[in-house]
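Colleague: Below are the sequence and a predicted model for it; my questions follow.
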Amino acid sequence: MRIGTLDLASNLFLSPLAGYTNLPMRQTIRELGGLGWATTDLVNARSLIERNPTAMKLVESGEGDRPLAIQLFGSVPSEMREAAAICEGLGAQSVDINMGCPVKKVTKIGGGSAMMTELEKTADLVRGMVEAVKIPVTAKMRLGWDAENITAPDLARALEGAGVAAVFIHGRTRAQGFSGSVNLAGIRAVVQAVKSIPVIGNGDVTTPEAARHMISETGCAGVSIGRGAFYDPWIFRRTEHLLSTGVLLPEPVFPERISVLRRHFERYCEFYGEARGARLFRKVAPWYARRFGPSRPFKQRILSIESRADFESVIAEYLAWRAAFCDASGELLPKFRPAPLAVDFSEGDAGVFARESIPVPRGPVETW
Ligand SMILES: Cc1cc2nc3c(=O)[nH]c(=O)nc-3n(C[C@H](O)[C@H](O)[C@H](O)COP(=O)(O)O)c2cc1C
């Protein structure tokens, strides 16, 4: 598929996840294959203009981290234009505009999901950004402010007129936060509302089959995956394989999980420095552990790592402890194997994903 003039290797996208989709995560996931496009965490346009060090860290890119979109939030047209031009100057392939964030800090300044309530104003802002840069500008939105105000189809059409190259649509309203179901019919309505730009569906995709289902039910051109990539960083490779061959690849074996975990951790240390990287990685490692089988001591001990040496000793202790649950060849005995990842939509209720629990990481972003 294409976005603007860019040809993508696949129609699978990594959704922005503030606090996680940093350079180390993007590089780690890209290396596993199947990912066509990744986006940075959201960045405040004004902070970028001010070259605030935190904002500059968020937009840092590196080897293999292409194609990359930088996601901006803000509501002042001149700032959004200037920030878009900075993204272009930094070498980003695209600028994405956050129109879905329900967090008060963002909506109270007219950014995030507040943009879905004022179609003309938003279209004007977007037009200005499109004119300010040569790279494609895209928009990420929810279905609307709440169930009574489903504005996404109209907004998507207006933004297509303003020149956006693609629309990402999370199939929930702002009011829903992360509760309730992803509404596939709502995504389909956005697909049908635009003339020719690609619409990328998003929400609750945790398996390759769920991605395939979203595409077939909505007609979306591609799928963007957020939390599903925490569970299964291999989801892009497995989904691409399923979509192109019809064959579902098995989940990776445990030693591969450990080796990718190690690479991800090492990148954290290189990117943030060892002490900060180790501390920040405490919230990442437990996601890997969800597919380890028995892992309680690992999850506890990893929460206090301060260094590379700590990390390695947690792994060594865990491997020794886990051996008791394995056969002679190192495979987990059947009764200790984690259940296969659930296909998270209900067969009986076309159009709606029956939401199984996909935890949302704790913290201020809980209501994303
Ligand atoms: C921890 C967390 C951080 C998020 N940060 C962002 C963000 O920076 N920008 C954005 O547009 N959406 C953000 N989202 C929303 C996701 O990109 C995505 O739309 C949502 O999680 C639904 O997709 P999923 O079910 O595949 O996770 C965030 C979600 C979570 C859980």
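Modeller: Cool, the structure landed.
Colleague: And the contacts of the helix or strand hosting A158?
Modeller: Of the helices and strands defined by DSSP states H and E, A158 is found in helix 152-162. Contact partners of helix 152-162, identified using C-beta atoms under 8 Å, 6 or more residues apart in numbering, comprise 99, 116, 119-120, 122-124, 126-127, 130, 139, 141-144, 167, 169, 186, 189-190, 192-197, 199. Any C-beta I mention is one placed from the backbone N, CA and C, and that applies to glycine too.
Colleague: okay, now the domains of the protein?
Modeller: Domain assignment for the chain, taken from automatic domain parsing, gives 2-249+357-367, 254-336.
Colleague: from the ones you listed, which stretch is densest packed?
Modeller: Comparing those by mean neighbour count (mean count of other C-beta atoms under 10 Å), domain 2-249+357-367 comes out on top with a mean of 20.
Colleague: How about it and the ligand, touching?
Modeller: Yes. Domain 2-249+357-367 reaches the ligand (C-beta under 6 Å from any ligand atom) through 15-19, 41-42, 71, 98, 100-101, 140, 170, 202-205, 225-228, 360-361, 365.
Colleague: Sort out for me which of these are in helices.
Modeller: Cross-referencing the residues of domain 2-249+357-367 next to the ligand with the helices (criterion: DSSP state H) gives G228 as the overlap.
Colleague: Let's have the domains of the chain in CSV, adding mean pLDDT.
Modeller: Below are the domains of the chain laid out as CSV (pLDDT from 0 to 100):
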stretch, mean pLDDT
domain 2-249+357-367, 93
domain 254-336, 97
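Colleague: didn't S47 look like it was pressed against T54?
Modeller: Yes. Counting by C-beta atoms under 8 Å, S47 touches T54, with 6.9 Å between them.
Colleague: excluding its backbone neighbours, what's nearest R2?
Modeller: L8 (6.7 Å; C-beta to C-beta, 6 or more residues apart in numbering).
Colleague: residues contacting the one you found?
Modeller: Each residue near L8 by C-beta under 8 Å, 6+ apart is listed here: M1, R2, G36, W37, P67, G222.
Colleague: who's the spatially closest residue to the fourth one that is not a sequence neighbour bridged to?
Modeller: Think W37. Residue nearest to W37 in three dimensions, not counting chain neighbours: F13, with 4.7 Å by C-beta to C-beta, 6+ apart. Per DSSP bridges, residues listed as beta-bridge partners of F13: W37, S224.
Colleague: you'd agree F13 is up against S224?
Modeller: Yes. F13 lies in contact with S224 (C-beta under 8 Å); the separation is 3.9 Å.
Colleague: Grab the nearest non-local neighbour of the residue of the chain found nearest the ligand.
Modeller: Nearest to the ligand, among the residues of the chain, is G226, at 2.8 Å (C-beta to the nearest ligand atom). Nearest-residue entry for G226: S15, 3.4 Å, with adjacent residues in sequence omitted and distances by C-beta to C-beta, 6+ apart.
Colleague: For that neighbour, give its distance to A165.
Modeller: In this structure, S15 and A165 are separated by 17 Å, where distance is defined by C-beta to C-beta, to the nearest Å.
Colleague: Can you tell me the SS state at S61?
Modeller: Per DSSP: H, G, I helix; E, B strand; the rest coil, the secondary structure class of S61 is coil.
Colleague: Please list all residues in contact with it.
Modeller: If a contact means C-beta under 8 Å, 6+ apart, then S61 has L23, L68, L90, G91, A92 as its contacts.
Colleague: switch the cut-off to 10 Å
Modeller: Contact partners of S61, counting by C-beta atoms under 10 Å, 6 or more residues apart in numbering, are L23, R26, Q27, A38, T40, L68, I70, L90, G91, A92, Q93.
Colleague: The first one against G277, yeah?
Modeller: Same thing as L23. No. Contact between L23 and G277 fails when scored by C-beta atoms under 10 Å: they sit 11.6 Å apart.
Colleague: Give me the common contacts of the two.
Modeller: Listed contacts common to L23 and G277 are R267, Y268, E270, F271; contacts here mean C-beta under 10 Å, 6+ apart.
Colleague: I'm done for today, thanks for sticking with me.
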